[in-house]
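Visitor: from the sequence below, what's the structure:
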Amino acid sequence: MPGTFTFTAEELAAVEAIATRYPRRPAALLPVLHMVQQRVGHIPHDAMEEVARVARPIPCTGGRRSVLLYLYRDRPVGKYVIQICRNLPCSLRGSHELIEHAKQKLGIGEGQTTADQRFTLHAVECLAACDGAPCLQVNEDDFANVTPERFDENRGGLP
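Guide: Below is the predicted model of the structure:
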């Protein structure tokens, strides 16, 4: 079937190498999911099936639940994924206002991607940076003490 995800020979060799690092093969699930997300940008359903085939996770840890639980993406996202923390410390310091400001500035809602596929916006529960509340993350880059004004100054750290 066209569009079906398959691992390359190099990726299968990497899966085998990853699996040797763990006492039981199913423990390789998360690094293998990460490999897929690095290549595709998200974890499509057919890739979950292929990951299950090669990593052989135990049933209660496999599939969509693991993808969502461990913050992997299950659909395409923009080039820049903006995550704004909305947990208690960030909330107390204005993250809800920051989220609303980002939605207005980008013209999208939470979990949505701009029409040009540049930005995806997520409000998340914790970015583990409470000392810099409110904080946000753009792809892998962290930003602390972000206000709506700072978001506008450097567009939230966006290029």
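Visitor: after the helix or strand bottoming out on mean pLDDT in the chain, which helix or strand is next?
Guide: The least trusted helix or strand in the chain, going by mean pLDDT, DSSP states H and E, turns out to be helix 63-69, with a mean of 50. Taking DSSP states H and E as the definition, the helix or strand that follows helix 63-69 towards the C-terminus is strand 80-85.
Visitor: tell me the strands beside that following strand, with direction?
Guide: Taking DSSP bridges as the criterion, strand 80-85 sits next to strand 119-124 (parallel), strand 136-138 (antiparallel) in its sheet.
Visitor: Throw those into TSV and include mean pLDDT, thanks.
Guide: TSV is the format used below for those (pLDDT from 0 to 100):
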stretch	mean pLDDT
strand 119-124	91
strand 136-138	92
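Visitor: need these in TSV with mean neighbour count and distance to residue 96, can you?
Guide: The way it works is simple: take the backbone N, C-alpha and C, and place the C-beta from them, glycine included. Putting the strands paired with strand 80-85 into TSV (neighbours: other C-beta atoms under 10 Å; distance: least, C-beta to C-beta, whole Å) gives the following:
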stretch	mean neighbour count	distance to residue 96
strand 119-124	22	9
strand 136-138	22	13
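Visitor: dump those into TSV; add distance to residue 109 as well.
Guide: Written out in TSV, the entries for the strands paired with strand 80-85 read as follows (distance: least, C-beta to C-beta, whole Å):
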stretch	distance to residue 109
strand 119-124	7
strand 136-138	16
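Visitor: what distance separates stretch 143-155 from the centre of its chain?
Guide: Centre-to-centre, stretch 143-155 and its host chain are 21 Å apart (C-alpha atoms, centre = their mean, to the nearest Å).
Visitor: that should have said stretch 22-39, apologies.
Guide: Averaging C-alpha coordinates over stretch 22-39 and over its chain gives two centres that are 15 Å apart (C-alpha atoms, centre = their mean).
Visitor: okay, domains of this protein per the record?
Guide: 9-69, 80-157 (automatic domain parsing).
Visitor: and these, which is most packed in?
Guide: domain 80-157 (a mean of 17; mean count of other C-beta atoms under 10 Å).
Visitor: now residue 152, nearest residue through space, not along the chain?
Guide: residue 105 (7.2 Å; C-beta to C-beta, 6 or more residues apart in numbering).
Visitor: shouldn't the one you found be in contact with residue 151?
Guide: Yes: with contacts defined as C-beta atoms under 8 Å, residue 105 counts as touching residue 151 at a distance of 7.1 Å.
Visitor: touching both of these two, which residues are there?
Guide: Residues touching both residue 105 and residue 151 (C-beta atoms under 8 Å, 6 or more residues apart in numbering): there are none.
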